[in-house]
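Visitor: Fold the following.
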Amino acid sequence: MAGKWIEAMRLRTLPVSIAGVLAGCACALWQGSFSFAPAATCLLFALSAQIASNFGNEYYDFKNGVDRKGRDGFRRGVTEGDITPRAMKRATFIMLGITAAIGCSLLFYGSLWLIPVGLAILLFALAYSAGPYPLSHHGLGDVTVVIFFGIVPVSFTYYLQSGEWNGLPILLSVSVAIGMLAANVLIVNNYRDMEDDKAVGKRTTVVIFGRHAMGCVYLLSGIIAMGIMLPLWTQLPLWGQATPVVYLLLHAATWRKLIHSNGPALNPLLGRTAMNLLLLTLMLLAISVLKYNKLLLLHASI
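Guide: Numbers count the residues shown, from 1 in each chain. Modelled structure (predicted):
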């Protein structure tokens, strides 16, 4: 039974949450700020929120009749009868409660205005699949991902460590770029499920615009994201400027497989897209750590 719950967490997509927090840490380090406790708490919050959203997606898609048995995607425990709807609903709200508790602990590092931000995150975690107008059913899932897997985690992970909003050009460029790359994971998911989604009236962007158009969006998102991050790239040493090149090579290779695959063959590409993003943020983090250590050495020598 534990394996069914682990599958419902969708571990292959969790690197997207990790990437947003790591990118925020990289921005904080780049500006000479880093604090382990709020960074670790942000990571727990992001992972918990995504798991809650994944549980909610599985429950509410089943409830709304948009899932079917034997789908091409990863096994859905509720639809396949491995997990009861009641148990999944309970797990969704337990995870939301855990996320809220973790979020409250972040108030030690910020002010009370973080509360509406946290409430918005919890609300949209459910609104993605639930409510009278589920966002993922009306072509708004991609926008939601850009905001809540890019702009919000990167910006607030940075803020909770630095306590201010300095270095805005770099922060904004990184947060928007990370959100765009996170949305590519959703594109792969919806690319695979287009026929199933179309049959039940779930209007994802792939259903609305078609596979060819969204395949182009997938490729262009990576290219544009690297361009948006130009304020950071121009400040890197020459060897560090290889980072966007490495990412784009991996991105292009994944895109080629995407447009030449279908059905279950697309499942590995979902995880690969998430891992490409995670690798990018790890490279950014490594570069920022080196700069941060140089700053510490410089201060120590003064």
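Visitor: only C-alpha atoms for contact and neighbour calcs from this point on.
Guide: Noted.
Visitor: pull the longest helix from this protein.
Guide: Counting by DSSP state H, the longest helix found in the chain is helix 267-301.
Visitor: other SSEs contacting that one?
Guide: helix 15-30, helix 168-192, helix 243-259 (3 or more Cα pairs under 8 Å, 6 or more residues apart in numbering; DSSP states H and E).
Visitor: Would you format the ones you listed as a markdown table with distance to residue 97 included?
Guide: Output for those, formatted as a markdown table (distance: least, Cα to Cα, whole Å):
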| stretch | distance to residue 97 |
| --- | --- |
| helix 15-30 | 18 |
| helix 168-192 | 25 |
| helix 243-259 | 36 |
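Visitor: Check these for me and report the most buried one.
Guide: helix 15-30 (a mean of 28; mean count of other Cα atoms under 10 Å).
Visitor: Show me what the mean pLDDT comes to for that helix.
Guide: Across helix 15-30, pLDDT averages out at 95.
Visitor: Contacts made by it with the rest, please.
Guide: 34, 39, 42-43, 46-47, 50, 149-150, 153-159, 161-162, 170-171, 174-175, 178-179, 182, 274-275, 277-278, 281-282, 284-286, 288-289, 291-292 (Cα atoms under 8 Å, 6 or more residues apart in numbering).
Visitor: cool, and stretch 221-235?
Guide: Looking at what lies outside stretch 221-235 - Cα under 8 Å, 6+ apart - the contacts are 169-170, 173-174, 176-178, 180-181, 184, 240-241, 244, 248, 251.
Visitor: and that stretch, how far out from the chain's middle?
Guide: 18 Å (Cα atoms, centre = their mean, to the nearest Å).
Visitor: Just the CA atoms of that stretch, as PDB, please.
Guide: Extracted in PDB, the C-alpha atoms of stretch 221-235 (Å, rounded to 0.1, in the frame of the first residue of the first chain):
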ATOM      1  CA  SER A 221      10.400  28.300 -23.500                       C
ATOM      2  CA  GLY A 222      13.900  26.900 -22.900                       C
ATOM      3  CA  ILE A 223      15.500  29.300 -25.300                       C
ATOM      4  CA  ILE A 224      13.500  32.300 -24.100                       C
ATOM      5  CA  ALA A 225      14.200  31.400 -20.400                       C
ATOM      6  CA  MET A 226      17.900  31.400 -21.000                       C
ATOM      7  CA  GLY A 227      17.600  34.800 -22.700                       C
ATOM      8  CA  ILE A 228      15.500  36.200 -19.800                       C
ATOM      9  CA  MET A 229      18.300  35.300 -17.500                       C
ATOM     10  CA  LEU A 230      20.800  37.500 -19.400                       C
ATOM     11  CA  PRO A 231      21.200  39.800 -16.300                       C
ATOM     12  CA  LEU A 232      22.800  36.900 -14.500                       C
ATOM     13  CA  TRP A 233      24.800  35.400 -17.400                       C
ATOM     14  CA  THR A 234      26.500  38.700 -18.000                       C
ATOM     15  CA  GLN A 235      27.900  38.700 -14.400                       C
END
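Visitor: so for it, what's the average pLDDT?
Guide: Mean predicted confidence for stretch 221-235 is 94.
Visitor: Run the angle between the longest helix of the chain and helix 168-192 for me.
Guide: Orientation check (axes from the mean of the first three to the mean of the last three Cα atoms, to 10 degrees): helix 267-301 against helix 168-192 gives 170 degrees.
Visitor: And helix 267-301, what's buried?
Guide: Judged by neighbour count (16 or more other Cα atoms under 10 Å), helix 267-301 contains these buried residues: 267, 269-285, 287-289, 291-292, 295.
Visitor: Now do that helix against helix 243-259, angle only.
Guide: Using the same axes, to 10 degrees: helix 267-301 against helix 243-259 is 170 degrees.
Visitor: check contacts around the nearest residue in space to residue 250 that is not next to it in sequence.
Guide: Sequence neighbours aside, residue 276 is the residue nearest to residue 250 in space, at 6.7 Å (criterion: Cα to Cα, 6 or more residues apart in numbering). Listed by Cα under 8 Å, 6+ apart, the contact partners of residue 276 are 247, 250-251.
Visitor: cool, residue 50 as well?
Guide: 14, 17, 125 are the contacts of residue 50 under Cα under 8 Å, 6+ apart.
Visitor: The last one is in contact with residue 53, isn't it?
Guide: Spelled out, it's residue 125. Yes - with contacts counted by Cα atoms under 8 Å, residue 125 reaches residue 53, the gap being 4.7 Å.
Visitor: Compare the two and say which is more crowded by neighbours.
Guide: Higher neighbour count among residue 125 and residue 53: residue 53, with 27 against 24, using other Cα atoms under 10 Å.
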